[in-house]
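>>> Test case, fold it:
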Amino acid sequence: MVMRPFTMKGQRATRWLKQALALAGLALAAASVPAQHAHGQGHPRAQLASGVAFAPDGRLWLAGLDEHGRLFVQTAPASDLSRWGAPRIIATAGDVLSADGENRPKLAFGPRGWAVISYTQPLAKPYTGMIRMVRSTDGGQTFSAPFTVHADRQVITHRFESIAFDARGVLHTVWVDKRDMERAPKVGKKSSYEGAAIYRNESRDGGATFGPDIKVADHSCECCRIALAPGRDGVMRAMWRHVFAPNVRDHGFAALVPEARMVRATFDDWHIDACPHHGPGLAPAADGGFHAVWFGIRKHGAEDVAAVRYARLRPDGSPRLETVRALPDERAEHADVLASGAHVAVVWRSVDGARSTLKAWLSTDSGQTFRLVVLGSVTGDNDDPRLAQQGERMVAVWRNAKEVQVHEIKF
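Residues are numbered from 1 along each chain as shown. This next block holds a predicted model:
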């Protein structure tokens, strides 16, 4: 099912959302088995969630799963990004892969011909998985056999990873991890540990070796994507949905450095004992701060108002509250954001019955004002849109069951 933003009266909103999240939990359990068995009746639903990135030579890459659940890559030349080449299957040694919603393969390119593709390998036990990766030292012409990224090998949640190379060529992998919940004492049948945790590690040789697993924060949300973006100082930052006491699902922000301190980045004050499966987006701003987008629900009088929101964050991750505003679409979901100088692009999918529409909100003044643009629409299954950037060039990539659309962002 598609979970849509909504505006409803208090108890009705809470009841509707809990039903939606319960169904989402069933979908996650299905992700623990191979795609051909996940949906029953012999009619598998396509796993369309994909990763996109520009290579240093300007080619646009996409990594996803084909109809048989195999990892593949496709590329389009810089001169014509709509001209996709034939898919190339990447060997994964029999791994089952997840490519559904916010848990999808990711691509990253580093220096010295390094390229990596990460993915979650679901395990037999529901909600468990390993973060796996293949690496290349020749710009993606060939890839290694898959390997597990983290040191912890328990059959627990290691999922929803994000990857990025920083300005020094260090590869950062950040993921949702439940090792701390597993060892916490229980209160009745429930763990005393709220949510999961955010863990990370680093590789300084393009994925050949990794440093230790490092905890970034306790008590993250369990099933939302993690956003990564470099600051103006070159240091990588992370933003994720966090569980603030007593059970508020707002967002945390931290630099990926030793002894980093988490900062609260959003203040919707959304009280819910569940995960909305809807993570944030983050992009560096020209002034050293950040542009952020996220989904949340906040009280407005007697109503619970749901929306995808945009705001500017300070360099430390704290919000400039005067910049917080809702996207101009009450059906917006799974937004992404990128920026280049004063140019800011926000894209999202808007679902109305059987039709999905790709929309963009574009700014030429660092997010002070925006104009709304409709980029396309489709019927049938489709992925969340992804933004990719090389220098000042930005594109929105949108995969559906029939094709991969690429829309150049024109400011």
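>>> Return the distance of stretch 363-371 from the chain's centre.
Mean-position distance between stretch 363-371 and its chain equals 24 Å (C-alpha atoms, centre = their mean, to the nearest Å).
>>> which element follows the lowest-mean-pLDDT helix or strand in the chain toward the C-terminus?
When the helices and strands of the chain are compared on mean pLDDT, DSSP states H and E, helix 35-38 comes out lowest with a mean of 33. Remark: after helix 35-38, the chain's next helix or strand is strand 51-54, criterion DSSP states H and E.
>>> Run me through the strand neighbours of that next one, direction for each.
Take DSSP bridges as the rule and strand 51-54 pairs in its sheet with strand 60-65 (antiparallel).
>>> next SSE after the partner strand?
That would be, after strand 60-65 and using DSSP H and E, strand 71-76.
>>> what's the angle from that following strand to strand 60-65?
Orientation check (axes from the mean of the first three to the mean of the last three C-alpha atoms, to 10 degrees): strand 71-76 against strand 60-65 gives 160 degrees.
>>> So what does residue 234 look like in phi/psi?
Here is the backbone geometry of residue 234 (degrees, to the nearest 10): phi 90, psi -10.
>>> How about residue 177?
phi -140, psi 140.
>>> Next: the one 3 residues further on.
Note on residue 180: its backbone torsions stand at phi -70, psi -30 [degrees, to the nearest 10].
>>> And the pLDDT for it?
In the predicted model, residue 180 carries a pLDDT score of 95.
>>> Please look at residue 85 and residue 73 and confirm they touch.
No: contact status for residue 85 versus residue 73: not in contact, 9.3 Å apart, counting by C-beta atoms under 8 Å. C-beta: built from backbone N, CA, C; applies to glycine.
>>> Pick out whichever of those two has more residues nearby.
Counting neighbours by other C-beta atoms under 10 Å for residue 85 and for residue 73 shows that residue 73 has the greater number, 21 against 11.
>>> just the strands in the stretch 1-150 of the chain please.
7-9, 51-54, 60-65, 71-76, 88-89, 106-109, 115-122, 129-136, 147-148 (DSSP state E, counting those that start in this stretch).
>>> no, scratch that, I was asking about the stretch 251-400 of the chain
Under the criterion DSSP E, counting those that start in this stretch, the stretch 251-400 of the chain contains strands at 263-264, 281-284, 290-300, 303-313, 325-326, 332-340, 343-352, 355-363, 371-379, 386-390, 393-399.
>>> what's the closest of the ones you listed to residue 166?
Closest approach to residue 166 among the strands of the stretch 251-400 of the chain is made by strand 281-284 (11.7 Å; C-beta to C-beta).
>>> where in this protein is pLDDT low?
In the predicted model, the chain carries pLDDT under 70 at residues 1-45.
>>> Burial check on the closest residue to residue 169 other than its chain neighbours, number of neighbours?
Leaving out its chain neighbours, the residue that sits closest to residue 169 by C-beta to C-beta, 6 or more residues apart in numbering is residue 111, at 4.4 Å. Neighbourhood size, residue 111 [other C-beta under 10 Å]: 11.
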